[in-house]
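Participant: sequence plus predicted model, see below.
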Number of protein chains: 6
Amino acid sequence: MFVYEKKLQYPVRIKNPNPKLASVIISQYGGPDGELGASLRYLSQRYSMPYPELKGLLTDIGTEELGHLEMVGTLVHQLTRNLNEDQIKTAGFDAYFVDHTTGVYPTAASGWPYNAASMAVKGDVICDLTEDLAAEQKARVTYDNILRLSDDPDVNDVIRFLREREIVHFQRFGESLRSVQDRLDAKNFYAFNPGFDKNCNCK
Amino acid sequence: MFVYEKKLQYPVRIKNPNPKLASVIISQYGGPDGELGASLRYLSQRYSMPYPELKGLLTDIGTEELGHLEMVGTLVHQLTRNLNEDQIKTAGFDAYFVDHTTGVYPTAASGWPYNAASMAVKGDVICDLTEDLAAEQKARVTYDNILRLSDDPDVNDVIRFLREREIVHFQRFGESLRSVQDRLDAKNFYAFNPGFDKNCNCK
Amino acid sequence: MFVYEKKLQYPVRIKNPNPKLASVIISQYGGPDGELGASLRYLSQRYSMPYPELKGLLTDIGTEELGHLEMVGTLVHQLTRNLNEDQIKTAGFDAYFVDHTTGVYPTAASGWPYNAASMAVKGDVICDLTEDLAAEQKARVTYDNILRLSDDPDVNDVIRFLREREIVHFQRFGESLRSVQDRLDAKNFYAFNPGFDKNCNCK
Amino acid sequence: MFVYEKKLQYPVRIKNPNPKLASVIISQYGGPDGELGASLRYLSQRYSMPYPELKGLLTDIGTEELGHLEMVGTLVHQLTRNLNEDQIKTAGFDAYFVDHTTGVYPTAASGWPYNAASMAVKGDVICDLTEDLAAEQKARVTYDNILRLSDDPDVNDVIRFLREREIVHFQRFGESLRSVQDRLDAKNFYAFNPGFDKNCNCK
Amino acid sequence: MFVYEKKLQYPVRIKNPNPKLASVIISQYGGPDGELGASLRYLSQRYSMPYPELKGLLTDIGTEELGHLEMVGTLVHQLTRNLNEDQIKTAGFDAYFVDHTTGVYPTAASGWPYNAASMAVKGDVICDLTEDLAAEQKARVTYDNILRLSDDPDVNDVIRFLREREIVHFQRFGESLRSVQDRLDAKNFYAFNPGFDKNCNCK
Amino acid sequence: MFVYEKKLQYPVRIKNPNPKLASVIISQYGGPDGELGASLRYLSQRYSMPYPELKGLLTDIGTEELGHLEMVGTLVHQLTRNLNEDQIKTAGFDAYFVDHTTGVYPTAASGWPYNAASMAVKGDVICDLTEDLAAEQKARVTYDNILRLSDDPDVNDVIRFLREREIVHFQRFGESLRSVQDRLDAKNFYAFNPGFDKNCNCK
């Protein structure tokens, strides 16, 4: 179970509203490679993960990503506080505003509601960890692009923190994948799926 | 941010595998009225909620639903452990198995990946609370139906606990809605949206 | 069956084209909380509604919403008549134009085709009526937001009419829910589903 | 606007419950080529249709399809009345039941909620009529397949009526398309779109 | 199987970047009526097509559309090469950029990922050919609209080529449909489906 | 452009119809990790790939996957040839049959039409190659699961061929990723995106 701690993992303090920027940053809230998908991917994959330390890793990173989701939601919220009448008519934001006012809704920048089709749980150790490596890279690129689109130092400071965490997670998943390969038959990593084939000779 | 506590909110101990039952229960993992949608709805709505105690309520219930999501995932996992060759061919489960082995993936019973289109964040206090009342009822009915489909007492004990929590949440949201209406203009509850209209005379 | 009467429920006479406004109003045609979803929700729920007068209410409101759908379609059509070359290039409208010219297509403002995932039919009296209460609130907020985005008095007159009808429907559904609760076991409203459990002692 | 007349276009009187059959017939309620899509397609296309008699035809057929939608909903409802405990566990129907009890929800046989992506409104006379010809053929084939899957004469009588109407509509749309081509430049039917290009020399 | 030939079917040489135009043209890459859907529709329909020459036609046109898909991808790529910082912030393009940088992703202009719901394979000769006639018309209208939105002669030259091919394909499918009707029972074209009903008396 | 060669990459000769097996194998035609997604992913990523030899690799593998798509379609087609009346009623297959007869339609085993949301094009060399590594693993696991579900040696021979190719592709993408890393700044692989940042000092 989860316990909420009433603080952000890293502080978010945006001074200036910017609905246009909010409408691209929201992709890391509910977009294909955002924090919701990341968290849900790891927290879902852990059930079929046969090794306790990797189950723990997925739980830890999945829980941390829930905190990142909260940070991105806070960014979007602070960028859309106290908008005046002209600001709600900003091209790109108006389509969001008509359906959500200034609430925070899990959607991609394109306005597509979050869809779990963009994540995979295959119930196979090597495969799920490779999926996770790709997920971290995709999140990293999205943050790179937000930095290319944003001039607001308050925003960029937060985005850089989040981007850095993705790189750390990528490295953790890479080490885990190597440790799994060390346990498996070097001649055929795919001969058995230790998450499903119970009577395999895998450590 | 969130902290993971290594225990379930309520214990799940399933003795007998049952892939057919797992393939309907999963709707409360990733289906339209399941725990993922519930949690995501409340944790997303809180940003634009103007009243601190309601923001706190949404956070509390949203966090509890994350724990329920974990319980439903555990149910699905335990019902699909150690399946033999015939069991993976169970009609209904085979379509799930081919894409996810026995991993836990956020999908409806019909096999449709979780889609945030089934939840709303409108950025309006009265509206979002009414949405939440409906969400709790929809989850309650889904649990009713699982009880109609299941004969396994180990499963039913857990489902009854989860169902009961939805009713408690429904009551909490009902009380909150009444408290909000007490603060607003009795002649026209919708004259102002206290989450968006800053200079309204609302308490 | 349905009979078409060749007039709108309330007249729509827009003088000035405005593709930008059309591209947000269309969310009440095919968006998550629009008239199509409303009509389809009520006309679908009536089959499993066990009480004749509520079946009649769902049919009446569902049929009226079909007429509202037609009014919103007319609004979008009149706002996009006789556009010149520059107007079709309006940011936001161009993405719609390339796929639909100036036809009226059921989509959300974000460009997402209408998806029934945003509505529920649960086959349970209390639940379906609560869903309907939420639906009316969500439509009301969308109309509020259109009024915040629009300066055109011809448009706003129509939107205010439609918004007012949602509030009336909300009240009708609220009264219906109370009448249902009066018939059910006061100690446990959810002990039976009169739409499914045939041998319950419910009136 | 629409007026509801309290009778079906053609009577539906099913004696025997059959959830398995209901779960395929529902594709004509909310599936890709079903009555909802048909009705919505024609009622949406009429706004940009420049010729009054074709606008009238689209309205007439679209309104009739609303009545067919009601008939298909009635079929599904009557096939799932008074199910016993074993019947709700029927493979294929259980996935539907868990989320909708025995309510009628707009979904394809595969469990995918109705999605307007399966229909087109292109705002071009020749194109929209060709789309409509294809729509009628697709509905016809789906009814053919229901007849291949069903042994119930009560069901088949209704399906044959509905199938016959699709063929009649196909012929009406075919005649309309020819009448449009007669009005246009025989050398280049696509030189102008009479629904958009106002100053073309088309009759 | 397919062999790649390292040249485009028709040359694409765009001089000036134009992200706004790229973001509408992409609808012919991954939108509802684009080249991906066309190719996939024809290459999928051929399996159940009972007549060898029509199977061949579907293969030929489906393969040609793969080449058109490549041309549209090249258009989008060349229109988004070497963008400067301001250009990536273009309204409409920024939402695409944040998730895909300047990669080419199969999406509609509205940002909706390609969805096969917009195409049909019904396994019925007359029906599938009618679907194909509609598909060609829908693609033709989308190209018409791109020509209405674009002022770039380099782009328009390519679009005119692609549009012309759709008209040629439309004619080919029309001739094929007539040849099929000649083989079938003139009194009831739908009495048998030669792709499924093996013992029918059809040539 | 592409040229069709009238033979399969590897022969498919299925003797016995098996609609149940066809309805899971189809996930490799149009499911989240199937051959369509693979081909589309690689053929789309190549536009923004800055290195000619990797652009060539993506084209080669993407073209080969088109041939695999054709093989999987052939498998599904041969497994559903000449079905009798009982076979079309097979649980799981009937939902497919009602909408597609025995045509081959790009869908997941669960009945969800192919959706490009399950693939990514991020326009970043390292990221896109990591995505490709994950894609090959996901396809490999799906083939593993088909082998677990199938007892037909004719089918399994083909599936083993396809599975082996995924492992070869995985190795090719792994080598490519290492070669890219050799060209980039060893201290910060992500300092520049050679596909977008033109004036970086990368080889």
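Facilitator: Ah, there it is. Residues are numbered from 1 along each chain as shown, chains lettered A, B, ... in the order given.
Participant: run through the residues that contact the residue nearest the centre of chain A.
Facilitator: Central residue of chain A (Cα atoms, centre = their mean): residue A:35, 2.3 Å from the mean position. Taking Cβ atoms under 8 Å, 6 or more residues apart in numbering or on different chains, we find residue A:35 in contact with A:28-29, A:65-66, A:68-69, A:71-72, A:139, A:162. (Each C-beta comes from the backbone N, C-alpha and C, glycine too.)
Participant: doesn't residue B:98 make contact with residue A:123?
Facilitator: No: using Cβ atoms under 8 Å, residue A:123 makes no contact with residue B:98, being 10.9 Å away.
Participant: tell me where chain A has strands.
Facilitator: Secondary structure of chain A (DSSP state E): strands located at A:2-4.
Participant: what residues does chain A put near chain C?
Facilitator: Contacts of chain A with chain C, taken as Cβ under 8 Å from any Cβ of the partner chain, map to A:85, A:88-89, A:91-92, A:94-99, A:101, A:107, A:110-113.
Participant: chain A: helices as residue ranges?
Facilitator: Taking DSSP state H, the helices of chain A run over residues A:19-25, A:27-30, A:35-45, A:52-79, A:93-100, A:125-149, A:153-183.
Participant: export those helices to JSON lines and tack on mean pLDDT?
Facilitator: Below are these laid out as JSON lines (pLDDT from 0 to 100):
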{"stretch": "helix A:19-25", "mean pLDDT": "97"}
{"stretch": "helix A:27-30", "mean pLDDT": "98"}
{"stretch": "helix A:35-45", "mean pLDDT": "98"}
{"stretch": "helix A:52-79", "mean pLDDT": "98"}
{"stretch": "helix A:93-100", "mean pLDDT": "97"}
{"stretch": "helix A:125-149", "mean pLDDT": "97"}
{"stretch": "helix A:153-183", "mean pLDDT": "96"}
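Participant: those: which one's closest to residue C:7?
Facilitator: Of all the helices of chain A, helix A:93-100 sits nearest to residue C:7, with 27.7 Å by Cβ to Cβ.
Participant: packing partners for that closest one?
Facilitator: The helices and strands touching helix A:93-100, judged by 3 or more Cβ pairs under 8 Å, 6 or more residues apart in numbering or on different chains; DSSP states H and E, are helix A:19-25, helix C:19-25, helix C:27-30, helix C:125-149.
Participant: so which elements touch the first one?
Facilitator: This points to helix A:19-25. Using 3+ Cβ pairs under 8 Å, 6+ apart, helix A:19-25 is in contact with helix A:52-79, helix A:93-100, helix A:125-149, helix A:153-183, helix E:93-100.
Participant: could you export those as a markdown table, including mean neighbour count?
Facilitator: Converted to a markdown table, the helices and strands packed on helix A:19-25 look like this (neighbours: other Cβ atoms under 10 Å in any protein chain shown):
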| stretch | mean neighbour count |
| --- | --- |
| helix A:52-79 | 21 |
| helix A:93-100 | 26 |
| helix A:125-149 | 25 |
| helix A:153-183 | 17 |
| helix E:93-100 | 26 |
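Participant: redo those helices as JSON lines? Include distance to residue C:12.
Facilitator: Below are the helices and strands packed on helix A:19-25 laid out as JSON lines (distance: least, Cβ to Cβ, whole Å):
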{"stretch": "helix A:52-79", "distance to residue C:12": "35"}
{"stretch": "helix A:93-100", "distance to residue C:12": "19"}
{"stretch": "helix A:125-149", "distance to residue C:12": "39"}
{"stretch": "helix A:153-183", "distance to residue C:12": "42"}
{"stretch": "helix E:93-100", "distance to residue C:12": "31"}
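Participant: ok, back up a step: out of the helices of chain A, which gets nearest to residue E:189?
Facilitator: Evaluated with Cβ to Cβ, the helices of chain A place helix A:93-100 nearest to residue E:189, the distance being 44.9 Å.
Participant: give me the contact list for that closest one.
Facilitator: A:19-20, A:22-23, A:26, A:80, A:87-88, A:105, A:107, A:111, B:121-123, C:20, C:23-24, C:27, C:31-33, C:92, C:108-111, C:142, C:145-146, C:148-149.
Participant: fine by me, we can end here.
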